[in-house]
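> turn this into a structure:
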Amino acid sequence: MNRTSTDETPCAPCHPNNTHLRLLTNYTQLCNLTSFNTGMPFYCGKPTNKLLSCKNLQRVKMEKCEVLPITDSEKVLFKRGQVTFNQTLKVTVENRREDIKYFSVTDRPSIPCSQYNISRTWHFRRPTGFFYGGKWNLQTCLGVQKQHYMSCLKNRRLYLFGDSTVRQWYEAVIKRFKCKLTSDGFEKCPKCQGESTCVNRDINFKANWYFHAHPIFMGRAWGTTRHWHSISFRIDNLPRNERAIVLIHVYAHVINFHHNVFRQKMEIIRKSVENYLLDSKYSIVLIKAPHAFEGPAGECRLHDYYGDVYSKILFEVFDGLHDKVILLNNRDATLAQHEKLVHPKGNIVNAMIDQMMNFVCY
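Below is the predicted model:
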């Protein structure tokens, strides 16, 4: 698009090379837009309008996706969704103390999360917690009390990199930590924004949310090049002298594509994380792992099947950084409440944020 002309051309934001685009279209001339995507390979067909060039790209949408081949049996399983086995269990709970005012569902962990061996967050083989009375009880380590959250965030920065589920975190941060938006764009239309900032000047706290760049499946929605900055690019450009909390999440908008696309994206991010941690002594990096959900499913999205696949890829890609990067388990909380939607309910989002705060506060 320019001032006088417009043109639409098919793009392949989901593949690291141009071979796939050439196979699916009759285009012989392509635009290499990797620089637009700040490092992640991205190709489009070259505009047929002679008045336009590759540099005139303004907006992108991707309505079609590859059909994922599955068997008839697999179709039945995906259509059935989650199944709860109806079994009644009688459990007798006895108080261990004579003080009737004291009540505990289970023994609390003894090791504070700030002293926990974070490499173990990558190796859990049992549930990391449970819901009781609507509250998530973390069982891996002893977290901080919620009344200490504000003092924990004093003079700190929070960077949230990801998709709309991370935007849910950002919206909860705004409410819980009295973080005031710096512009009214996000409040008017959160889904229309690719980034946003809020501040709590009383404690000198600032939070930023950024939508991750291509590869990303957005359906019929147009995305502008204004927010085309990859997570790796943004991490490379973060200040090194801050007490920052950096959270990374890539999942729901990438599961339409081959899992090697996710692997490549995370390999690029890993290099940036490693360099960032070498120079940032007072910052913490966390990865929000895939969560469970039941739908929607179809020809190009198979529920949360890729959650396990992506978890394995994360484990392999970040091997060597397991003792420096915290993996946040988000699957257990969504499984515990049989979450069906890709966007978890509010109490689950808050439980996930509490888990993050337990690891970053000390």
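> so where does Gln355 fall, helix or strand?
helix 346-360 (DSSP states H and E).
> list the buried residues in that helix.
Neighbour counts over helix 346-360 (16 or more other C-beta atoms under 10 Å) mark 348-360 as buried. From N, CA and C alone the C-beta is placed, and that goes for glycine too.
> stretch 70-79 too?
Applying 16+ other C-beta under 10 Å to stretch 70-79 flags Phe78 as buried.
> one more: stretch 321-338?
321-322, 325-334, 336-337.
> just the CA trace of that stretch, in CSV.
Output in CSV follows, covering the C-alpha atoms of stretch 321-338 (Å, rounded to 0.1, in the frame of the first residue of the first chain):
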residue,chain,number,x,y,z
LEU,A,321,19.7,-22.4,31.0
HIS,A,322,17.5,-24.5,33.3
ASP,A,323,19.3,-23.1,36.3
LYS,A,324,18.8,-19.5,35.1
VAL,A,325,15.4,-19.4,33.6
ILE,A,326,12.2,-20.3,35.6
LEU,A,327,9.6,-22.4,33.9
LEU,A,328,6.1,-21.6,35.1
ASN,A,329,3.7,-24.6,35.1
ASN,A,330,0.4,-23.3,33.8
ARG,A,331,-1.1,-26.7,32.8
ASP,A,332,-1.9,-28.0,36.3
ALA,A,333,-4.1,-25.0,37.3
THR,A,334,-6.1,-25.2,34.0
LEU,A,335,-6.4,-29.0,34.3
ALA,A,336,-7.6,-28.8,37.9
GLN,A,337,-10.6,-26.7,36.8
HIS,A,338,-11.2,-28.5,33.5
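> quick check: mean pLDDT of it?
Mean pLDDT, stretch 321-338: 93.
> returning to that earlier point: so which of the buried residues of helix 346-360 is the closest to Pro109?
Asn358 (10.1 Å; C-beta to C-beta).
> show me what contacts that closest one?
Contact analysis of Asn358 by C-beta atoms under 8 Å, 6 or more residues apart in numbering lists 113, 138, 141, 143-144.
> PyMOL command for the buried members of these?
When burial is assessed using 16+ other C-beta under 10 Å, the buried subset of those is captured in PyMOL by this command:
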select buried, resi 113+138+141+143+144
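> out of the contacts of Asn358, which one sits closest to Asp202?
Looking across the contacts of Asn358 and measuring by C-beta to C-beta, the closest to Asp202 is Val144, at 19.5 Å.
> regarding the closest one, what is its secondary structure?
When classified by DSSP: H, G, I helix; E, B strand; the rest coil, Val144 comes out as coil.
> quick one: contacts for it?
Counting by C-beta under 8 Å, 6+ apart, Val144 has contacts 112-114, 152, 357-358, 361-362.
> format those as CSV; extra columns: distance to Leu160 and pLDDT.
Formatted as CSV, those follow (distance: C-beta to C-beta, whole Å; pLDDT from 0 to 100):
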residue, distance to Leu160, pLDDT
Pro112, 24, 93
Cys113, 19, 93
Ser114, 21, 88
Cys152, 16, 96
Met357, 13, 96
Asn358, 17, 94
Cys361, 17, 93
Tyr362, 20, 81
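> domains in this protein, by residue range?
Domains of the chain are assigned by automatic domain parsing as 11-57, 113-360.
> looking at those domains, which is nearest to Asp107?
That would be domain 113-360 among the domains of the chain, by C-beta to C-beta, at 9.3 Å.
> still on that earlier bit, which of the domains of the chain has the lowest average pLDDT?
domain 11-57 (a mean of 75).
> the residue nearest to the spatial centre of the chain and Ala289, how far apart?
In the chain, the C-alpha nearest the mean C-alpha coordinate belongs to His249, at 2.3 Å (C-alpha atoms, centre = their mean). Noted for His249: a distance of 8 Å to Ala289, by C-beta to C-beta, to the nearest Å.
> repeat for Asn237
Taking C-beta to C-beta, one finds Asn237 at 25 Å from Ala289.
> what about those two, which has more around it?
More crowded of Asn237 and Ala289, by other C-beta atoms under 10 Å: Ala289, with 20 against 11.
> OK, contacts around the more buried one?
Shown in contact with Ala289 (C-beta under 8 Å, 6+ apart): 311, 314, 327-331.
> also Phe130?
Phe130 makes contact with 136-137, 139, 336, according to C-beta under 8 Å, 6+ apart.
> got it, and Glu187?
For Glu187, the contact set (C-beta under 8 Å, 6+ apart) comprises Leu181.
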